[in-house]
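*Asks:* After the sequence you'll find the predicted model.
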Amino acid sequence: MAWILLVSLLLLVALTLASRRWVWMKAAGLSLLLVALSSWWLIDRLSGDGINAATLYHLSADMEGAGVGDFKGYIAAYLALLLVSLLPLALPRIRRFARDSRGHASLAGFVALFVVAVGASPLYADGRRIYHQLQPVDYTPVVAEYVRPEQPLAKRRNIVWIYGESLERTYLDQKAFPGLMPNLSRLAAQGLDFRSLDSAEGGGWTIAGLVSSMCGVPLTTSPGDENSMGRMGRFLPEAQCLGDYLKAQGYSNHYVGGATGLFAGKGHFLESHGFDEVRDLEYFQQRKIGPEHFSTWGVHDDVMLDDAWDSFQKLARKGQPFMLTALTMDTHHPAGHLPVSCKDTRYESRYGNIGLLNALKCSDRLIYELVQKIRNSPQGEDTLIVIASDHLAMPNDLSRVLAKLDRENLLLFLGKDIVPQQVAAKNGTTLDSGATLLSLLDPKIDAIGFGRSLLLPASARASASAAAFREDGKDYPRYLAYARSLWTGPPNRTLRMDEDERVVIGAQQVKPPVLLEYDRQWNIKAVYLENTSRQFERANRRNTLAYVDRCTAFEDGSVDGDWCALLVDRHSGSRLVHDADLKRGIEVGAGIGQVADASARVRQSFMITRKAEKANPGRYILQVWARQQPTRPFWIEAISANGKVVMAQQWVQPDASGRISVPLGLDYEVDDLEIRAWLDYTERLAVESYALVPSLDADESS
């Protein structure tokens, strides 16, 4: 398909020059396509699989803490591609090639080839894949397969789970990488070593690898166009994960990792599922560790694993069973990092001097040293050690080598009474890792979530992993759909606002504004947290909608700052529910009539001020200079930053001057004053500057 795309692009250039008629439209279309392809290239460099579930998740989750500096080569190349993508805009100026004749024919040919180019591009394939993944799927046939273990453990052994960042077992291949990882190879020969372990869809990046292995479910975002996971109060609240089960069995759960827990919601996941302590980048920064011990991602592995050893000793002395989880970082793509203790580590390779190979060799030593300390400790015999990759390696400096090998995740168990052996994990994925751990603690427990113990015969492991490989994964979307439902729980028509001003949706708590879309079975089809008024206009009116925002979004002159819910049913009946009823709880879809105008366009808030400021009581003039302002009248409000109190409100009539000047009166002092506007979603307010100045009229009258 690549050659079809290339030929199509060249012909598009020729057809752009074929006629002067519509030349700017053709040039703009070609440039837009090249920009989209350039963006796809960058995403593919980061994900290794184009625009996929990981892309959607990271767009949804908090990206704080991402080691952007590691990808500066990719970013530079991307910027160069963007410049090249803009070159078609210069084609209309090439007059000598342009003809006035055959305008319609060249345009028709351009449109046809444009469609061919898009169809031959990875944009179409990835878009089609994501579209099918997000389509509503009946997951009821797999509900019975979801297992929540409850029986007591026969023996409560301590657990140390070491995740190696992108540390797939492929690196232990002696033919491809002779002598690269001698220590992990030695441990593999001493323990239970699973081979051919894959990653299923929803398990191919770090947080997804943690969720897959600990919860036995693939990771998806919540239903719909959810682009702000930071406003989700709970992370997969309906899932039962390893930390939840072990907590119920009397374990304490502890995590240590060098990167920030904010990145991709990792810390939020752990804290939501039974972990008592999460030590991340912030913890190490507070210890005043020297800057040489940090990379762009966080603290280096030598410092982190030393802390893990200290944690193990302290936990072991307490006598309570525990699970200690550590996640390394220095083997992160694309090139890895070397900590201070490994500055002289080098791996001589026929592939050349590749930094990632040095990082892998270092990680091999550091993990081995921690494992040996634990095994030689007084509590070593009562500790089960797990060494696992979080996922297969993403595009890195060894991708061309890995592409020729059989890729497999690392999953290795070490402990007393574990007989050294290699086990073929036929049709097994990281979804089964947690279940395998439980079966080693107690043979009677062989499942958690959709995961099944890899020690079971393949024929007895009818699971999500098997479905991922069967008939090209035809049935696997059912498991993804069920996993998505774990964000909110089973169908629930009750909607209410709690004391913390979060909207309670089944098992989930969400910071408003939020738009909920219910299907006919009262499943939550979508949860929209961004551009909610636009999504409200576009929503399928054959479903029931519940839109929660400040009352000003729905009605004029609402000065109390309360929350309201606009309910719209599939028959276009509507009802506006105010704060008091919303806090008591309402049943969506019950008693909706024509109380409110369902066809009215709701407003969306726009913050004018950049930060909260202190203001004394008095009369003021708010002056706003805008490059662009709405064409329709709109509300401006002065509010306290916590949003609970509206201090003043004014109706604004736009004019052509670009300057807004409205009076605002404050009856008492406020420490956190902010100014916001309420606009139709089609309108825009581009603020250049603003000022809140005392009113001269007030001074003169006194």
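*Replies:* Arrived safely. Numbers count the residues shown, from 1 in each chain.

*Asks:* in stretch 665-673, what's buried?
*Replies:* Leu666, Val670, Leu673 (16 or more other C-beta atoms under 10 Å). C-beta coordinates here come from the backbone N, C-alpha and C atoms, glycine included.

*Asks:* ok, now which ones touch the second one?
*Replies:* It stands for Val670. Contact analysis of Val670 by C-beta atoms under 8 Å, 6 or more residues apart in numbering lists Lys614, Ala615, Ser640, Val645, Met647.

*Asks:* For Glu201, see how far away it is.
*Replies:* 50 Å (C-beta to C-beta, to the nearest Å).

*Asks:* Leu113 too?
*Replies:* 33 Å.

*Asks:* Let me know whether Gly267 touches Gly257 as I believe.
*Replies:* No - between Gly267 and Gly257 there is no contact under C-beta atoms under 8 Å: 9.0 Å.

*Asks:* which neighbours do the two share?
*Replies:* Contacts common to Gly267 and Gly257, judged by C-beta under 8 Å, 6+ apart, are Asp280.

*Asks:* Settle it for me: which of those two has more neighbours?
*Replies:* Gly257 (32 against 25; other C-beta atoms under 10 Å).

*Asks:* Now the more buried one: closest residue in space that isn't a chain neighbour?
*Replies:* Closest residue to Gly257 in three dimensions, ignoring its sequence neighbours and counting by C-beta to C-beta, 6 or more residues apart in numbering: Leu327, at 3.9 Å.

*Asks:* Quick check: bridge partners of that neighbour?
*Replies:* Taking DSSP bridges, one finds Tyr163, Gly257 as the beta-bridge partners of Leu327.

*Asks:* show me where pLDDT drops low in the protein?
*Replies:* For the chain, residues meeting the criterion pLDDT under 70 lie at 1, 47-71, 94-103, 132-136, 222-231, 264, 559, 591-600, 643-644, 697-702.

*Asks:* Share the number of residues neighbouring the residue nearest to Gly257, please.
*Replies:* Applying other C-beta under 10 Å, we find 23 other residues in the vicinity of Leu327.

*Asks:* OK, contacts around it?
*Replies:* Here Leu327 is in contact with Tyr163, Glu165, Thr206, Leu210, Tyr255, Val256, Gly257, Gly258, Ala259, Asp390 (C-beta under 8 Å, 6+ apart).

*Asks:* hmm, try it at 7 Å
*Replies:* By C-beta atoms under 7 Å, 6 or more residues apart in numbering, the contact set of Leu327 is Tyr163, Glu165, Gly257, Asp390.

*Asks:* Enumerate every residue touching the first one.
*Replies:* Listed by C-beta under 7 Å, 6+ apart, the contact set of Tyr163 reads Ala326, Leu327, Thr328, Ala388, Asp390.

*Asks:* So for the stretch of helix or strand Asp581 belongs to, what gets flagged as buried?
*Replies:* Following DSSP states H and E, the helix or strand that holds Asp581 is helix 579-584. Buried residues in helix 579-584, defined by neighbour count with 16+ other C-beta under 10 Å: Asp579, Leu582.

*Asks:* cool, stretch 525-532 as well?
*Replies:* In stretch 525-532, counting by 16+ other C-beta under 10 Å, buried: Lys525, Ala526, Val527, Tyr528, Leu529, Asn531, Thr532.

*Asks:* Extract the CA atoms of it and return them as PDB.
*Replies:* The C-alpha trace of stretch 525-532 is given here as PDB (Å, rounded to 0.1, in the frame of the first residue of the first chain):
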ATOM      1  CA  LYS A 525     -22.900   4.800  26.200                       C
ATOM      2  CA  ALA A 526     -20.700   7.800  26.600                       C
ATOM      3  CA  VAL A 527     -19.200  10.200  29.200                       C
ATOM      4  CA  TYR A 528     -18.100  13.500  27.800                       C
ATOM      5  CA  LEU A 529     -16.000  15.800  29.900                       C
ATOM      6  CA  GLU A 530     -14.600  18.200  27.200                       C
ATOM      7  CA  ASN A 531     -16.400  20.500  24.900                       C
ATOM      8  CA  THR A 532     -19.600  19.400  26.600                       C
END
